[in-house]
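Novice: below: sequence and its predicted model.
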Amino acid sequence: MRAIDTKTELLEAALALRPLIQQHASAAERQRRVPAPVIEALTSAGVFHMFVPRKFGGGEVDVATGVRTLEELGRADGSTGWVAMIGATTGLISAYLPEDVAREVYKPGVITGGVVAPRGTAVATDSGYRVSGRWPFASGCEHSQWLACACLVQIDGELERLPSGDANQLMVLFPASDVQIIDTWHVSGLRATGSHDIAVDGVTVPREYAYSFSSGRPLHPGALYGFSMMGVLSVCIAGVALGIGRAAIDELKEIAPKKTPAGRRRALSEWSVAQIALAEAEASLRSGRAFLFDAVREVWETLERGDEASKEQRALVRLAASQAVQGAVVAVDLAYNLGGGSSIYETSPLQRQFRDIHTLTQHVMVGPSSFEAAGRALLGQDVPPGFL
């Protein structure tokens, strides 16, 4: 793996990978994991380390560039975009770790994964933590060398509480060799993400390989690390969704001149209902995308000035991510429905895009609760810990 020189280079690499990704997409579905040649190409391009600080050999690209890169990868294949997103966003953890630990974990070519839902328990010891738990949805775990999982901290048998009264959530890093992978990923969409359950039982973790997910602050400077991890994760999920939405519109535009709907004499492209639906799909996808990049740009400019992003700005980032996903869903559904009976065949990209986008919507970061929490923040009310 080499360090990324410019954001243009990263985007060009993502575009160049499209033929390879598409070539392996069907095999990836059958194997329920992204094939090794694609993982190797993503690694070589620096995708998994694009949010790692430059001093550790990463790209440290701006958030918008990261989202655009994932959008292109998601356009090539939803599962590949998702796995790239998980590896890239867990790279942010490097900015929260002591420098010697970050250099050990985030060596060139190393891929990380993880789960942010606190399904584990970290019992405090003199030197660190004794961790047990089982975490579902560990995307890309089969090709990750390190896995970071959220835990609730216990001290003397009691949950550790923050001054706010909320339980302290810890992100803990394990070598993959310490983790059991449980084959659970038999699903409808995003099949190739390999999002199995993972588990550990009484694994000892040194204190420096963990940080508070609730109150931890990055140890590395820069506008990128001024974004919250949840904020970056949410907009990167949205980037993958936008790519899936764009791919569905691409496919519809490809088949429309060639497909004649039953009972019609003219091609789908000449049918007024199809013309209106395509326009609605474009409008939904592009409006959500514009909101997303506008919210990201506003926060980025604030952070680059050396100021902190306001609560409203951070809430709008989360809201924009969720709205962009919904815009992508509208686009995919319209394209899938216009594809008619041919959309249901395995040979049609539309059926995979339909399954992938509706699986993506189930992620808590962009689900219905995210709209509620964003609205609470915009009204000046408290939100769940870590939301912003």
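Specialist: Nice, thanks for sending it over. Numbering: from 1, shown residues only.

Novice: can you map out the helices along the stretch 251-388 of the chain?
Specialist: Along the stretch 251-388 of the chain, the segments classed as helices by DSSP state H, counting those that start in this stretch run 272-304, 311-338, 349-360, 368-378.

Novice: please compute how far the longest one lies from its chain's middle.
Specialist: Offset of helix 272-304 from its chain centre (C-alpha atoms, centre = their mean, to the nearest Å): 18 Å.

Novice: show me what that helix packs onto, helices and strands only.
Specialist: Taking 3 or more C-beta pairs under 8 Å, 6 or more residues apart in numbering; DSSP states H and E as contact, the helices and strands that helix 272-304 lies on are helix 63-76, helix 229-255, helix 311-338. Yep, even glycine has a C-beta here, placed from its N, CA and C like the rest.

Novice: by mean pLDDT, show me the worst of the helices of the stretch 251-388 of the chain.
Specialist: With a mean of 92, helix 368-378 has the lowest mean pLDDT of these.

Novice: among the helices of the stretch 251-388 of the chain, which is nearest Ala176?
Specialist: Closest of the helices of the stretch 251-388 of the chain to Ala176 is helix 349-360, at 24.3 Å (criterion: C-beta to C-beta).

Novice: same for the closest one, what does it pack against?
Specialist: Secondary-structure packing of helix 349-360 (3+ C-beta pairs under 8 Å, 6+ apart): helix 78-90, helix 229-255, helix 311-338.

Novice: which residues does it contact?
Specialist: 25, 29, 78-79, 82, 187-191, 237, 240-241, 244-245, 247-248, 251-252, 325, 328-329, 332-333, 335-336, 339, 343-345, 366 (C-beta atoms under 8 Å, 6 or more residues apart in numbering).

Novice: again with stretch 21-30
Specialist: For stretch 21-30, the external contacting residues (C-beta under 8 Å, 6+ apart) are 34-35, 37-38, 73, 76-77, 79-80, 191-192, 352.

Novice: also stretch 303-316?
Specialist: Outside stretch 303-316, the residues that reach it (C-beta under 8 Å, 6+ apart) are 223, 226-228, 231, 295, 298-299, 302, 374, 377-378, 380, 383, 388.

Novice: just the buried residues of the residues you listed.
Specialist: 223, 226-228, 231, 295, 298-299, 302, 374, 377, 383, 388 (16 or more other C-beta atoms under 10 Å).

Novice: and these, which two are furthest apart?
Specialist: Going by C-beta to C-beta, the pair spanning the buried ones among the contacts of stretch 303-316 furthest: Ala223 and Val383, at 22.8 Å.

Novice: end to end, how far does stretch 333-350 reach?
Specialist: Taking C-alpha to C-alpha, to the nearest Å, stretch 333-350 runs 9 Å from one end to the other.

Novice: and Pro261, what pLDDT?
Specialist: 66.

Novice: next, format the helices of the stretch 251-388 of the chain as TSV and append distance to Ile182.
Specialist: Compiled in TSV, the helices of the stretch 251-388 of the chain are given as follows (distance: least, C-beta to C-beta, whole Å):
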stretch	distance to Ile182
helix 272-304	34
helix 311-338	28
helix 349-360	19
helix 368-378	26
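
Novice: apply the buried test to the contacts of helix 349-360 and list what passes.
Specialist: Buried among the contacts of helix 349-360 (16+ other C-beta under 10 Å): 25, 29, 78-79, 82, 189-191, 237, 240-241, 244-245, 247-248, 251-252, 325, 328-329, 332-333, 335-336, 339, 343, 366.

Novice: by residue count, tell me the biggest strand in this protein.
Specialist: Of all the segments of type strand in the chain, defined by DSSP state E, the longest one is strand 112-124.

Novice: which helices and strands does that strand pack with?
Specialist: helix 78-90, strand 128-138, strand 146-155, strand 169-175, strand 196-206, helix 229-255.

Novice: now the fourth one and strand 112-124, what's the angle there?
Specialist: Using axes from the mean of the first three to the mean of the last three C-alpha atoms, to 10 degrees, the inter-axis angle of strand 169-175 relative to strand 112-124 is 120 degrees.

Novice: alpha carbons of strand 169-175, as PDB, please.
Specialist: Extracted C-alpha coordinates of strand 169-175, given in PDB (Å, rounded to 0.1, in the frame of the first residue of the first chain):
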ATOM      1  CA  GLN A 169     -18.800   3.200  26.200                       C
ATOM      2  CA  LEU A 170     -15.400   2.000  25.200                       C
ATOM      3  CA  MET A 171     -14.000   1.100  21.800                       C
ATOM      4  CA  VAL A 172     -11.600  -1.800  22.200                       C
ATOM      5  CA  LEU A 173      -9.100  -3.100  19.600                       C
ATOM      6  CA  PHE A 174      -8.400  -6.800  19.200                       C
ATOM      7  CA  PRO A 175      -6.100  -8.600  16.800                       C
END
